[in-house]
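K.L.:
Only the shape, not the letters, is given here:
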């Protein structure tokens, strides 16, 4: 966590300059030094807490947990956090600053995104606004849709409708193995086969719904992978 220790070295002047540019409608978008970088981390965290319109005590506590702020620095860091939490304005620029600072160290950017996820889930609900915020930051950091899903799942767990979860496969599975897994699951859960195993006819509707869910999950993965391929090429 050495990266976060820079927070206690922040000069408030650097943070004030960032905030002044933000409130003037011209978020900073240039290379920054370590002090401004640390301030940008606080700004992005505060704006994550504000993304759903209300900063809760749970989100503030989550921020404190992440950065392990020493007692002697509590007042200064709290002042900066409260200053930046006023609005989400400019969060994309702060994300760009952080991205440029560590564009050669994606594992650091992943840590930052993981911290934002920790703050977002602190009040037990990820709103649509928070999801947009997180996905936007992930895109700025250069993560693909699949990479974002992996990072998100490591902190929040998989969504019930996650197509990979439905098919029981990992996101790293090859296209060939994915097809094999799909065909095996489709064969085992085909309504005709379910009825042939002696289950009541009344369960046919349930079997049809499950088969439709399996088909939709496979189709969704193929579509996402095709989109990823187009972006790469």
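P.N.:
Sure, I can see it. As the structure is a computational prediction, the values presented were derived from the model and not from experiment. Residues are numbered from 1 along each chain as shown.

K.L.:
After the lowest-mean-pLDDT helix or strand in the chain, which helix or strand is next? Please name it.
P.N.:
Across the helices and strands of the chain, mean pLDDT, DSSP states H and E gives its lowest value to helix 12-23, namely a mean of 47. The first helix or strand that comes after helix 12-23 along the chain, using DSSP states H and E, is helix 34-50.

K.L.:
Just list what that next one packs against, helices and strands only.
P.N.:
helix 12-23, helix 57-67, helix 74-84, helix 91-101, helix 106-120, helix 128-140 (3 or more C-beta pairs under 8 Å, 6 or more residues apart in numbering; DSSP states H and E). (Each C-beta comes from the backbone N, C-alpha and C, glycine too.)

K.L.:
Next, the angle from that helix to helix 106-120.
P.N.:
If you take axes from the mean of the first three to the mean of the last three C-alpha atoms, to 10 degrees, helix 34-50 sits at 40 degrees to helix 106-120.

K.L.:
wait, doesn't residue 120 sit right on residue 134?
P.N.:
Yes: counting by C-beta atoms under 8 Å, residue 134 is a contact partner of residue 120 at 6.3 Å.

K.L.:
Show me which of these two is the more surrounded one.
P.N.:
residue 120 (25 against 22; other C-beta atoms under 10 Å).

K.L.:
got the contact list for the more buried one?
P.N.:
48, 51, 59, 126, 130, 133-134 (C-beta atoms under 8 Å, 6 or more residues apart in numbering).

K.L.:
Can you tell me which of those comes closest to residue 114?
P.N.:
Nearest to residue 114 among those is residue 134, at 10.5 Å by C-beta to C-beta.

K.L.:
what residues are up against that closest one?
P.N.:
With contacts defined as C-beta under 8 Å, 6+ apart, the neighbours of residue 134 are 48, 113, 116-117, 120, 126, 148, 152.

K.L.:
Buried among these? Need that as a selection in PyMOL.
P.N.:
To isolate the buried members of the contacts of residue 134 in PyMOL, using 16 or more other C-beta atoms under 10 Å:
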select buried, resi 48+113+116+117+120+126+148+152
